[in-house]
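In: Could you work out the structure for the sequence below:
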Amino acid sequence: MDANLKEQEVSTKEFLSQTFNFVRSIGKSWRLLMIGLLSGAIISFVLDIINEEETKYFAAVSFNLDIGAANQGTNPMSGFASAFGLGGMQQNQSGDLLSGANFPTLAKSRIVFEKALMTNVVVEGDTMLMANYYKDSSGIIDTEWAGSLFKKPRQGFIDYRFEKKSPDDFTPDENEIISSLCAHLYDNTNFEGVNSSSLTRLSVISSNDILAKTWAETLLKTTEVFYKEVKTQKTRNILVEQESRLDSLRALMNGTDSQLARLSFQNPNIINSNAQMRQQQVGKNNTFYSTQYYTQLANVESLNRLLTEQTPIFTIIDPIRLPLTVYSGGLGQSYKLGSILGLVLSLVIAVVMNTYREIVNEEK
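Out: Okay, the predicted model is just below:
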C-alpha cells in the first residue's frame, strides 16, 4: 500500500517536472510565438483589405405594421361582416398568412421582389424601372455577370432593358435575369424586429447609397400595397358583387321612375281602370326598387367602411436620410482568428523543434 502511494507520488512528481520542462522549452521559443501571432494578424488584415472591393452603404427604415381590426368580436361591423362570411378573418392570427411572424418571409418573397422591380422610381429627376436601375447601379454587372477566365460574360443580361409589365408575362429569359437580381437582392436585404417592440426594421446594404435608399423605400411601399391587396381581397370581391347589384337596382329604379312619370303625364285624370291599375303597379314596383336600392346602398357603404378597417397601415418611425452609414463589410474582423491560428501554428513548430533537439541530444 505504502509502496503504491510512493510510486504514485514519484509519478506525479515526474509529470509535474516534465510539464515545467515543456513550458520552459516553449518559453525559450517566445520569439517564434510572437512572430506567428503577428504574422497571422497581419496576413488576415491584408486579406481583408484585398477582399474589400468597394465601400458599402447601410440603409435602414423602422416602421410599425398595423394589420387592421384585431378584435372583430367587439367591433360594431362584426355582425355585418359575419353576414357576408367575413366574420372569422381576424381570428387565429398565428396561422394567418399576414400574421406578424410571417411578415419577414412574405416581404422577402419572390412575388414581392418582382413587383418592386417592376415599379417605376424617380432618381435625380429621371423616371426609370427599378429593375433597370438596380441592374445598372448595384455592381452586379461587374461582379456576377462580367465573366472570368473560365466563363464568358453574360452579355445578354448586361444589355437587356426591361419594360414595365406584369411578372406573369415574363419570358423565360426575363425570368432568368430577374432570378439573378432577386438572389443578389436577397443577400443584401433583411427584415428584423427592433428589440422587443412591435417595430420592424428593413435594412439594405449596397455599394450605391442612393440605390440602397431607393430600393428600401420601394420594397416597403410594394410590401404595403401587396399586404392591402391580400388582406382585403375577400371584402373587395364581395364589394364588386354588391356594387353590381346596386347598379342593377339603380337601373330598375330609374326605369320605373321614367314609366311612372310618363304615365302621370299621359293620364292626368285617370278614368280607365286598366291605366289606373298599370300606374299603381308601376308605383309599387318603383317603391320596392327604391327600398331595395337604398338598402343595398347602405350595404355597399358598410363594405367600404369594412374595407378601410381591414386595410393594413404602415407607419414609418425612422425614415432613411442621406448620407447613409458606411458599412465596413467586415474589414479587419478576422484578425483575431488569424492571430490565434498563427499562434497555434508557431506553437506546433516550437514543440516539434524542441522534440527534435531532445532526440538529437539523447542520441549523442
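In: what are the ranges of the strands in this protein?
Out: In the chain, the strands defined using DSSP state E lie at 56-66, 120-123, 126-129, 189-193, 199-206, 313-318, 325-327.
In: I'd like these as a markdown table, with mean neighbour count and distance to Glu144 appended.
Out: Quick note: C-beta positions are derived from backbone N, CA and C, even for glycine. Output for the strands of the chain, formatted as a markdown table (neighbours: other Cβ atoms under 10 Å; distance: least, Cβ to Cβ, whole Å):
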| stretch | mean neighbour count | distance to Glu144 |
| --- | --- | --- |
| strand 56-66 | 18 | 16 |
| strand 120-123 | 13 | 22 |
| strand 126-129 | 12 | 20 |
| strand 189-193 | 15 | 16 |
| strand 199-206 | 20 | 14 |
| strand 313-318 | 13 | 31 |
| strand 325-327 | 14 | 19 |
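In: Export those as CSV, with columns for distance to Lys234 and mean pLDDT.
Out: Shown next, in CSV, are the strands of the chain (distance: least, Cβ to Cβ, whole Å; pLDDT from 0 to 100):
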stretch, distance to Lys234, mean pLDDT
strand 56-66, 19, 86
strand 120-123, 29, 93
strand 126-129, 32, 93
strand 189-193, 26, 86
strand 199-206, 25, 88
strand 313-318, 19, 83
strand 325-327, 42, 78
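In: would you list these in JSON lines and tack on distance to Pro167?
Out: Formatted as JSON lines, these follow (distance: least, Cβ to Cβ, whole Å):
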{"stretch": "strand 56-66", "distance to Pro167": "24"}
{"stretch": "strand 120-123", "distance to Pro167": "15"}
{"stretch": "strand 126-129", "distance to Pro167": "13"}
{"stretch": "strand 189-193", "distance to Pro167": "18"}
{"stretch": "strand 199-206", "distance to Pro167": "21"}
{"stretch": "strand 313-318", "distance to Pro167": "22"}
{"stretch": "strand 325-327", "distance to Pro167": "30"}
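In: looking at these, which is closest to Ser109?
Out: Of all the strands of the chain, it is strand 189-193 that lies closest to Ser109, at 11.2 Å by Cβ to Cβ.
In: For the closest one, which strands pair with it and how are they oriented?
Out: Strands that pair with strand 189-193, judged by DSSP bridges, come out as strand 199-206 (antiparallel).
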